[in-house]
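1. Sequence first, then the predicted structure:
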Amino acid sequence: MPSIPRLFAVAIALVVLLALAVRAAAADLPTFAVNLTGERIDPARLEVPAATRVKFTLRNTSRGAVEFEGRDVRVEKVLGPGVESFVVLPPLKPGTYRFFDEFHPDIPDMLVIAK
């Protein structure tokens, strides 16, 4: 029977391999830049391929926190001032999806059109 330290080492190795595989897969995705300023989301309209996972690189250029959210696809990300991050969207059916900054509900939504 394998020892506990050996099983632990194997588990750690599997987690590392899985993380590397996920990172490599995310690097190959169609990627779109999204800028959140606290006053608008840029671009306001974005076309993405349908039935394909896509990656949004998010940048908060405001002086406060923002929350990028898309309820239809169950995506949300909070970013502090000056922070950059990303989200990966699942394959979208053709249609229009609304994304918004929940911390700034008065600014216009970003529309993502999957074609």
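-> Yes, it's here.
2. From what I see, residue 91 and residue 49 are in contact.
-> No - assessed by C-beta atoms under 8 Å, residue 91 is found out of contact with residue 49, at 9.0 Å. (Each C-beta comes from the backbone N, C-alpha and C, glycine too.)
3. low pLDDT regions in this structure?
-> Where the chain drops to pLDDT under 70, the residues are 1-2, 7-11, 13, 15-27.
4. what ranges do the helices span in it?
-> Using DSSP state H, the helices of the chain run over 4-27.
5. Next, name the residue at the spatial heart of it.
-> residue 87 (0.8 Å; C-alpha atoms, centre = their mean).
6. how about the nearest residue to residue 98, chain neighbours excluded?
-> Nearest non-adjacent residue to residue 98, counting by C-beta to C-beta, 6 or more residues apart in numbering: residue 109, 4.9 Å away.
7. what's near enough to touch that neighbour?
-> With contact set as C-beta atoms under 8 Å, 6 or more residues apart in numbering, residue 109 has these partners: 41, 98, 99, 100.
8. One more: residue 113?
-> 45, 46, 47, 48, 95, 96, 97.
9. Any idea what it is bridged to?
-> residue 47, residue 96 (DSSP bridges).
10. same check, this time on residue 86
-> Beta-bridge partners for residue 86, by DSSP bridges, are residue 57.
11. what about it, neighbour count?
-> A count of nearby residues for residue 86, using other C-beta atoms under 10 Å, gives 15.
12. Residue 68 is in contact with that one, correct?
-> No - using C-beta under 8 Å as the test, residue 86 is too far from residue 68 to be in contact (10.2 Å).
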